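Peer 1: Sequence first, then the predicted structure:
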Amino acid sequence: MVRPPPRCCVTPMNTPTRSFRVAAAGLDMLHQTRLKLACSMLLAERMEVVLHPWSGDACDLLVIGLDHPDAARALSEANAVNVPILSIARRHADAAPGRLPHGATVRDINEQLSSLLLAPPGMGNERPAAGTPLLLQLASADPAASALHLLQRGGITVLVDRATRSIALAPGTTLAEVVAQLDDVAWSASPIDAATFRHQYAYRLPQRHSFEALYFCIARHRPALLPPVAEHATLKLRHWPDLHADDVPGTWLLPIACLHARPWQPAALAAACQMPRHTVQSLFCAAVASGLALTQDAAVPRTQRRKDASDSRFFSWVARRFGLNLFQGAQP
Amino acid sequence: MSLPANKLVFVGSMGAGKTTAVRAISDVEPVSTEMPMSGDAMGDKVETTVALDYSSIELDDGELLHVYGVPGQRYLDFMWPMVCEGALGVIVLVSAGHPDPVASTLELLEEFSRIAPDASLAVGVTRTDEHPALLIPEFRNALFDAGQRLPVMRVDARSATQVTFLVKSLLSYRYAETN
């Protein structure tokens, strides 16, 4: 009997939760219930599974009962859209990757789900090199090369537009969701021309986010995915980054404002803003990755405003009212 | 002794979201001078501010931060100096659907830099969900090329969280620039 290799027993708590969409078709009540239980148990591995009936749309996995009369049609539809399949059937004598015999236990199903959902798909030439997520490879490539790429991973579709340095997402997809699954090996990519995108995908991917916003969102959720920056690097921000309240915590605004005002080293900025050093280091990584970092005090005009002592107390009240505690930090 | 800067001003052209933004962060229902629009309605907008919006936010010791929303139309510019006297910040709101968002924003930034030289400025771009083609970096870089280096960000004026985030950015920027 072939079984998937045993999994590590504990998933670190700092591993981001990954979301998956699993469809079910042709399962009897017994297997449907066991599938639900098996899906819920994946949360222990920080895998969140949304289970829904098979609709013919792309998803991460189809669990199908082959003994059902409608199974053949669902199987054919799934194959047409390259959805991986876990089949359960009386004719399967033993378990094997992608197949289970009738009467499979919750544990059997759970193990298959885990290995199939995390398994790399058969992909073409654009499979990412180890270490750098595919989306980031495309984002950092020469803009003159094929400008539009469509990335897909299960139910998530992302357009990477190198010409405008942006990505397009479906209405319900957040940047944080994309970032959480950025290093998943199951992403596939294909170049797409502008006309095809406009006619077939633009209406499905109406949200636009700049690469800058993406890099700062990565800095918040998956900083290890950004290229590292030397611990003693000194840099300043060329511009105020494209930040959004959903993707960046308000506590980051003070160090960002400081980096916008003048050059800093990570240790000094962390101390001045009373922030963890690794958080500030993540900001530096995002600044460099997004192209906003100036490594020397280049010719960017600085607006030096008059410091009025009478304003300080009132200003501190205003800041506190909006949730900022500016006067404990950022004193150079 | 001069009074502390105790005003926050939102300015922008019609439909930019000034009234909505003031309402989103106010402690009390703003006093507004909204009237039914006489011309073509803009989407679901059926009223427009003909003078200004005013509200306040209570701070420690009962002090008030006065919050204003003022129209960016030239024929109402006589009220800009009055409102901006003692402003700590001016937030220019611009709709991503504006036919020329860069020019209209620059005009307001230049005008309010002159009127309120001690105020800090920031820009909030609204309605980006309806007009996703406008990307912040490109827009911000165009402002920079014209001499404006300041916080520029997307904001949904209906969201207190997002308007607060924009105000926090302005305050952090002001603090960093003066220390």
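Peer 2: Structure's in. What do you need? The structure presented is a predicted model; accordingly, all values stated were derived computationally and were not measured. Numbering: from 1, shown residues only, chains lettered A, B, ... in the order given.
Peer 1: Only C-alpha atoms from now on, for both contacts and neighbour counts.
Peer 2: Noted.
Peer 1: just checking, what packs against the helix or strand hosting A:Leu138?
Peer 2: Taking DSSP states H and E as the definition, A:Leu138 sits inside helix A:134-140. For helix A:134-140, the packing partners by 3 or more CA pairs under 8 Å, 6 or more residues apart in numbering or on different chains; DSSP states H and E come out as strand A:156-161.
Peer 1: Buried residues in the helix or strand just after the strand it packs on, which are they?
Peer 2: Following strand A:156-161 in sequence order, the next helix or strand is strand A:166-169 (DSSP H and E). For strand A:166-169, the neighbour count (16 or more other CA atoms under 10 Å in any protein chain shown) marks A:166-169 as buried.
Peer 1: What strands line up against strand A:166-169, and which way round?
Peer 2: Partners of strand A:166-169 in the sheet, by DSSP bridges, are strand A:156-161 (antiparallel), strand A:207-210 (antiparallel).
Peer 1: Mean neighbour count and mean pLDDT for those - can I get that in CSV?
Peer 2: CSV is the format used below for these (neighbours: other CA atoms under 10 Å in any protein chain shown; pLDDT from 0 to 100):
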stretch, mean neighbour count, mean pLDDT
strand A:156-161, 24, 93
strand A:207-210, 22, 96
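Peer 1: export those strands to a markdown table and tack on distance to A:Phe216?
Peer 2: Converted to a markdown table, the strands paired with strand A:166-169 look like this (distance: least, CA to CA, whole Å):
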| stretch | distance to A:Phe216 |
| --- | --- |
| strand A:156-161 | 17 |
| strand A:207-210 | 10 |
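Peer 1: so which of the ones you listed comes closest to A:Ala89?
Peer 2: strand A:156-161 (29.4 Å; CA to CA).
Peer 1: quick one, phi/psi of A:Val50?
Peer 2: The phi/psi pair for A:Val50 (degrees, to the nearest 10) reads phi -100, psi 120.
Peer 1: How about it, nearest residue that isn't a chain neighbour?
Peer 2: A:Arg21 (4.9 Å; CA to CA, 6 or more residues apart in numbering or on different chains).
Peer 1: before we move on, what about B:Glu58?
Peer 2: B:Leu64 (4.7 Å).
Peer 1: Quick check: that neighbour touching B:Ser56?
Peer 2: Yes: the pair B:Leu64 and B:Ser56 passes the contact test of CA atoms under 8 Å, sitting 6.1 Å apart.
Peer 1: So which bits of stretch A:169-184 are buried?
Peer 2: Buried residues in stretch A:169-184, counted by 16+ other CA under 10 Å: A:169-170, A:173, A:175-184.
Peer 1: Residues touching stretch A:158-172, excluding its own?
Peer 2: Outside stretch A:158-172, the residues that touch it by CA atoms under 8 Å, 6 or more residues apart in numbering or on different chains are A:135, A:138-139, A:141-144, A:147-152, A:156-157, A:204-211.
Peer 1: Got phi/psi on A:Arg165?
Peer 2: phi 50, psi 50.
Peer 1: next one: B:Met153
Peer 2: phi -150, psi 160.
Peer 1: Surely it is in contact with B:Val123?
Peer 2: Yes: the criterion here is CA under 8 Å, and B:Met153 meets it with B:Val123 at 6.4 Å.
Peer 1: rewinding a little: hmm, A:Ile156 and the residue nearest to A:Val50 touching each other?
Peer 2: No: between A:Arg21 and A:Ile156 there is no contact under CA under 8 Å: 9.5 Å.
Peer 1: How about the contacts made by A:Lys36?
Peer 2: So A:Lys36 contacts A:Leu51 (CA under 8 Å, 6+ apart).
Peer 1: and it, helix, strand or coil?
Peer 2: Classification of A:Lys36 by DSSP: H, G, I helix; E, B strand; the rest coil places it in helix.
Peer 1: quick one: pLDDT of it?
Peer 2: Model confidence at A:Lys36, given as pLDDT, is 91.
Peer 1: and the longest helix anywhere in chain B, what's its mean pLDDT?
Peer 2: For chain B, the longest helix by residue count, based on DSSP state H, is helix B:160-178. Helix B:160-178 carries an average pLDDT of 95.
Peer 1: Show me how far it is from its chain's centre.
Peer 2: Here the centre of helix B:160-178 is set off from its chain's centre by 12 Å, with CA atoms, centre = their mean, to the nearest Å.
Peer 1: Could you list the buried residues of that helix?
Peer 2: Residues B:160-177 are the ones in helix B:160-178 that count as buried (16+ other CA under 10 Å).
Peer 1: if we can go back for a sec, you'd agree the residue nearest to A:Val50 is in a strand?
Peer 2: Yes: under three-state DSSP, A:Arg21 sits within a strand.
Peer 1: quick one, helices of the chain?
Peer 2: Using chain A. Here chain A has its helices, by DSSP H, at A:29-41, A:71-80, A:106-118, A:134-140, A:175-180, A:194-196, A:211-221, A:253-261, A:266-273, A:277-289, A:309-321.
Peer 1: was after chain B, sorry
Peer 2: Using DSSP H, helices in chain B cover B:18-25, B:80-84, B:101-115, B:136-145, B:160-178.
Peer 1: now the ones you listed as JSON lines including distance to A:Ser115?
Peer 2: Below are these laid out as JSON lines (distance: least, CA to CA, whole Å):
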{"stretch": "helix B:18-25", "distance to A:Ser115": "47"}
{"stretch": "helix B:80-84", "distance to A:Ser115": "62"}
{"stretch": "helix B:101-115", "distance to A:Ser115": "50"}
{"stretch": "helix B:136-145", "distance to A:Ser115": "41"}
{"stretch": "helix B:160-178", "distance to A:Ser115": "40"}
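Peer 1: Just tell me which of these ends up closest to chain A.
Peer 2: Counting by CA to the nearest CA, chain A lies closest to helix B:160-178 out of those; the figure is 4.9 Å.
Peer 1: Contacts (any at all) between chain A and that closest one?
Peer 2: Yes: legend: contact between helix B:160-178 and chain A by CA under 8 Å from any CA of the partner chain is shown at B:161-162, B:164-165, B:167-169, B:171-173, B:175-178.
Peer 1: For that helix, give me every contacting residue.
Peer 2: A:244-245, A:250, A:253-254, A:257-258, A:260-261, A:302-307, A:319, A:322-324, A:326, A:330, B:21, B:24-25, B:89, B:120-122, B:124, B:150-151, B:153, B:155-157.
Peer 1: out of those residues, which are buried?
Peer 2: Buried members of the contacts of helix B:160-178, scored by 16+ other CA under 10 Å, are A:244-245, A:250, A:253-254, A:257-258, A:260-261, A:305, A:319, A:322, A:324, A:326, A:330, B:21, B:24-25, B:89, B:120-122, B:124, B:150-151, B:153, B:155-157.
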